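Enquirer: Compute the structure for the input listed below.
(2 chains)
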Amino acid sequence: MIGEGLQSTNQRKHSYVRDNVEVGFFTDPTVCIGCKACEVACKEWNQVPDDGFTWTGNSYDNTGHLGASTWRHVMFLEEDRAKGNQIAGPMSLGDQDPFRWVFLSDVCKHCEEAGCLEACPTGSIVRTETGTVFVQDDVCNGCGYCVVSCPFGVIDRRPEPLPNAGGAFKCTFCYDRQKSGLVPACAKVCPTESIVFGRLDDLRARGVERVQQLQQIGYNDAQLYDPQETSVRGIHAFFLILGEPQAYGLPPKPQIPTIYLKSAWTSAFLTAIASIIATLLAYVFFS
Amino acid sequence: MTTNSPSEKRLEQLREKAWQEGVVPGRGVDVVGGPIPRKPGYYGQPVVKPPVWTWEVPLYFFFGGIGGMSAVIAFGALLFHHVEVARAAMWVAVIAGAVLSPILLIMDLGRPHLFLNMLRVFKYRSAMSMGAWILTAFGMCAVAGLIALELQAHQIFPGALDQLLRFTAGVFIFAAAIFGTLLATYTGVLIGATAIPAWFLHRTLLPIHFGTAGLGSAAGVLELLGHRVAALNVLGFYTAAVETVLLIWLSVDKHGAADRAIHEHGSGWLIRIGEILNGPLALVLRFFGLVPFAAISFLIGALVSRFGWIAVGKVSGSDPESVFAAERY
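Expert: Numbering: from 1, shown residues only, chains lettered A, B, ... in the order given. Okay, the predicted model is just below:
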């Protein structure tokens, strides 16, 4: 894909929406240079307000986390581990002092079974032709239930006084661009193709291949983050990660909250019945 | 940007401090004492999002519980010919469940003018959608039931029409009682079926707690309104006893870091204070015949614990370690 020029799936026009093709993002931190062009392109195309000009002190990350006004977020991990066969020079006398800097562009995962979509009481959140999850802003009434139903903490309600405040926002997978055959803005600008946009099955194959390739050259802790075994049943925007998912703030076993409905409703119905019986018995014996 | 801008000045201060002390503590600087911060997850950032809900939601849980369960008491009273209790209970049901609850629910929305969009779909897999429908159905039945009951009580229509009215009141109050129990308990499902660890780990306890707290609060309100009936006293005993059991359950069924928001922090204190007020304290007060005090204790406890559970969600949702720890359960 890199070196394919305009024929790269990140650059050429497509008809995935018309053809109902499942699409995805494959994000690979081993080629990410942390330029944040994806964050900028996302904000420019989608006219997302700024997320505060704050200084976190967390490496070069001043964005913090995904939210209503942050749809792409480049993470900067500073770890005292080696990256592949990296030779780390001694910072103190004697021992090696391994240090690595990992960048990963985080985004809405567009789950196969999406917690936000199931939770939405207005039908504002829908599944698109390409399998992505989309919030229809004009329908959303800002109840905030999707916020607590997302196992990845992606979607959030936009606070006052920002434009369009009160509604829930997250990555749209540039649905508007996709409908016109364009590639999502973040993938389009990514200078190293760390973010790759394309057909989901192609990308999954590519991800497996890339992990094998990396492990051969010494990246022993490279793995794919695509929780297909949990109730989320896989994600459309999946990642290659070095090390454990926890370090990236990713839950190792994300679950869609609807799996808790059965036991909770059972408890609710039994309580309802118990309350009626208790009330009737109270009147039967004490009136 | 000029060198006089506040951020440049702050940067200068930090450089100065770093030069002098080697370490820079303070706001905007996470790196205390080392180049690699040791915080759980990604710089201690939340893994799931804490709820955005404010005071309207716990208050809605409180009034929804009172209103919903008042309809149950009204139905019981009507069945056993306690018409005065039934009328008072239906007034409470309508004011708390059909007036205050919708107002609070709508106020909490980010875009209150779009509330009606809740009623454009019916999604049984969304507790929020079910709740909107339950509240709507309850409101309509409770208002209709109250009108029929009041018309009948004032003997406005003669003969057969009066009989019909009586029947209508019964049907609507029965429906309001059914929807009322759901209105009082679904809120437990609402927060139990989420990604917040301290909530979903207690998804069985939450509907029991919310429903029982609703029933006890409804009985308490009626007692405070002057209806000192034995049946209401019995319900007071029953609900306070159940809440006492739930307090024990909560203090035994611990999940370590996963639900520590319930046992630690300010949120833990809210839960504890709430549960003691509507559990053991209400029980003891009622045992010694101090019925109004028991009712007040129960009501305050029910209110505080509702605020406590929302606070627990905020603490638990902001705590990355609780999310990682919850995956073992």
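Enquirer: For residue 275, which non-adjacent residue is closest in space?
Expert: The chain I'm using is chain A. In space, and not counting its chain neighbours, A:Ser275 is closest to B:Leu215: 4.9 Å by CB to CB, 6 or more residues apart in numbering or on different chains. C-beta coordinates here come from the backbone N, C-alpha and C atoms, glycine included.
Enquirer: my question was about chain B
Expert: B:Leu247 (4.2 Å).
Enquirer: any idea which element the one you found lies in?
Expert: Element membership for B:Leu247, per DSSP states H and E: helix B:230-252.
Enquirer: low-scoring pLDDT stretches of the chain, where are they?
Expert: In the absence of a named chain, chain A is used. Scanning chain A for pLDDT under 70 picks out the ranges A:1-3, A:88-97, A:287.
Enquirer: nope, chain B please
Expert: B:1-5, B:7-8, B:11, B:18-19, B:22-38.
Enquirer: give me the residue from it nearest chain A.
Expert: B:Gly110 (2.1 Å; CB to the nearest CB).
Enquirer: what's the burial count for the residue in chain A positioned nearest to chain B?
Expert: Among the residues of chain A, A:Gly142 lies closest to chain B, at 2.1 Å counting by CB to the nearest CB. Per other CB atoms under 10 Å in any protein chain shown, the neighbour tally for A:Gly142 reads 24.
Enquirer: Could you pull up the residues touching it?
Expert: Counting by CB atoms under 8 Å, 6 or more residues apart in numbering or on different chains, A:Gly142 makes contact with A:157, A:166-168, B:109-111, B:114.
Enquirer: Apart from its neighbours in sequence, what residue is nearest it?
Expert: B:Gly110 is the one closest to A:Gly142 (CB to CB, 6+ apart), at 2.1 Å.
Enquirer: repeat for A:Ile155
Expert: A:Lys170 (4.2 Å).
Enquirer: so the one you found makes contact with A:Leu117?
Expert: No. Judged on CB atoms under 8 Å, A:Lys170 makes no contact with A:Leu117 at a distance of 11.0 Å.
Enquirer: What lies in contact with stretch B:138-154?
Expert: Contacts with stretch B:138-154, where a contact means CB under 8 Å, 6+ apart, come from B:67-68, B:71, B:74, B:78, B:83, B:86-87, B:90-91, B:93-94, B:97-98, B:101-102, B:157, B:162, B:165-166, B:168-169, B:172-173, B:175-176, B:179-180, B:182-183.
Enquirer: List the buried residues of it.
Expert: B:138-139, B:141-149, B:151-152 (16 or more other CB atoms under 10 Å in any protein chain shown).
Enquirer: Identify the single longest helix in chain B, thanks.
Expert: helix B:159-192 (DSSP state H).
Enquirer: next SSE after it?
Expert: Later in the chain than helix B:159-192, the nearest helix or strand by DSSP H and E is helix B:197-200.
Enquirer: Dump the C-alpha coordinates for that next one into PDB.
Expert: Extracted as PDB, the C-alpha positions of helix B:197-200 are listed here (Å, rounded to 0.1, in the frame of the first residue of the first chain):
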ATOM      1  CA  PRO B 197     -17.800  -1.400  36.600                       C
ATOM      2  CA  ALA B 198     -19.300  -0.500  40.000                       C
ATOM      3  CA  TRP B 199     -22.800  -0.400  38.300                       C
ATOM      4  CA  PHE B 200     -22.800  -3.500  36.200                       C
END
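Enquirer: A:Leu280 and B:Gly76 touch, don't they?
Expert: Yes. At 5.5 Å, A:Leu280 counts as touching B:Gly76 under the criterion of CB under 8 Å.
Enquirer: Among those two, which residue is more densely surrounded?
Expert: B:Gly76 (27 against 16).
Enquirer: Skipping adjacent residues, who's closest to that one in space?
Expert: Nearest to B:Gly76 is A:Thr279, by CB to CB, 6+ apart, at 4.2 Å.
Enquirer: tell me the contacts of that neighbour?
Expert: Residues in contact with A:Thr279 (CB under 8 Å, 6+ apart) are B:72-73, B:75-76, B:215, B:231, B:235.
Enquirer: helix or strand for the residue nearest to B:Val92 when sequence neighbours are not counted, which one?
Expert: Leaving out its chain neighbours, the residue that sits closest to B:Val92 by CB to CB, 6+ apart is B:Ser70, at 4.2 Å. Using DSSP H and E, B:Ser70 sits in helix B:56-79.
Enquirer: after that helix, next one along is what?
Expert: helix B:83-92.
Enquirer: got the angle for that following helix vs helix B:56-79?
Expert: Counting by axes from the mean of the first three to the mean of the last three CA atoms, to 10 degrees, helix B:83-92 lies at 160 degrees to helix B:56-79.
Enquirer: Would you give the sheet partners of the helix or strand harbouring A:Phe103, along with the direction of each?
Expert: In this structure, A:Phe103 sits in strand A:100-107 according to DSSP H and E. Strand A:100-107 has its sheet partners listed here by DSSP bridges as strand A:72-79 (antiparallel).
Enquirer: Confirm that A:Leu240 lies within a helix, as I assumed.
Expert: No. Using DSSP: H, G, I helix; E, B strand; the rest coil, the assignment for A:Leu240 is strand, not a helix.
Enquirer: contacting residues for it?
Expert: With contact set as CB under 8 Å, 6+ apart, A:Leu240 has these partners: A:26-30, A:207, A:210-211, A:214, A:222-225.
Enquirer: one step back: how close does the residue nearest to B:Glu275 sit to A:Val23?
Expert: From B:Leu247 across to A:Val23, the span is 51 Å (CB to CB, to the nearest Å).
Enquirer: Neighbour count: the two, which is higher?
Expert: With neighbours defined as other CB under 10 Å, B:Leu247 and A:Val23 compare such that A:Val23 has more, 26 against 20.
Enquirer: Tell me who's in contact with the residue nearest to that one when sequence neighbours are not counted.
Expert: With sequence-adjacent residues excluded and distances taken as CB to CB, 6+ apart, A:Val23 is closest to A:Thr130, at 4.4 Å. By CB under 8 Å, 6+ apart, the contact set of A:Thr130 is A:16-17, A:20-23, A:173, A:178.
Enquirer: Which among these count as buried?
Expert: When neighbours are counted using 16+ other CB under 10 Å, these contain these buried positions: A:16-17, A:21-23, A:173, A:178.
Enquirer: any chance of these in TSV, plus secondary structure?
Expert: Shown next, in TSV, are those (three-state DSSP):
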residue	secondary structure
A:Tyr16	helix
A:Val17	helix
A:Val21	coil
A:Glu22	coil
A:Val23	strand
A:Phe173	coil
A:Gln178	helix
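Enquirer: quick check, nearest of these to B:Leu119?
Expert: Distance to B:Leu119, by CB to CB, is smallest for A:Phe173 among the buried ones among the contacts of A:Thr130, at 28.5 Å.
Enquirer: Could you check what's spatially nearest to that closest one, not counting adjacent residues?
Expert: A:Thr132 is the one closest to A:Phe173 (CB to CB, 6+ apart), at 3.9 Å.
Enquirer: ok now do that neighbour, which residues does it touch?
Expert: A:23, A:110, A:172-173, A:175, A:236.
Enquirer: ok, 6 Å please
Expert: A:Thr132 is in contact with A:110, A:173, A:236, counting by CB atoms under 6 Å, 6 or more residues apart in numbering or on different chains.
Enquirer: Let's have those residues in CSV, adding distance to B:Val312.
Expert: Rendered in CSV, the data for the contacts of A:Thr132 read as follows (distance: CB to CB, whole Å):
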residue, distance to B:Val312
A:His110, 30
A:Phe173, 34
A:His236, 32
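Enquirer: quick check, nearest of those to B:Tyr329?
Expert: Closest to B:Tyr329, out of all of the contacts of A:Thr132 and judged by CB to CB, is A:His110, at 26.8 Å.
Enquirer: Tell me how many other residues crowd that closest one.
Expert: Applying other CB under 10 Å, I find that A:His110 has 29 neighbouring residues.
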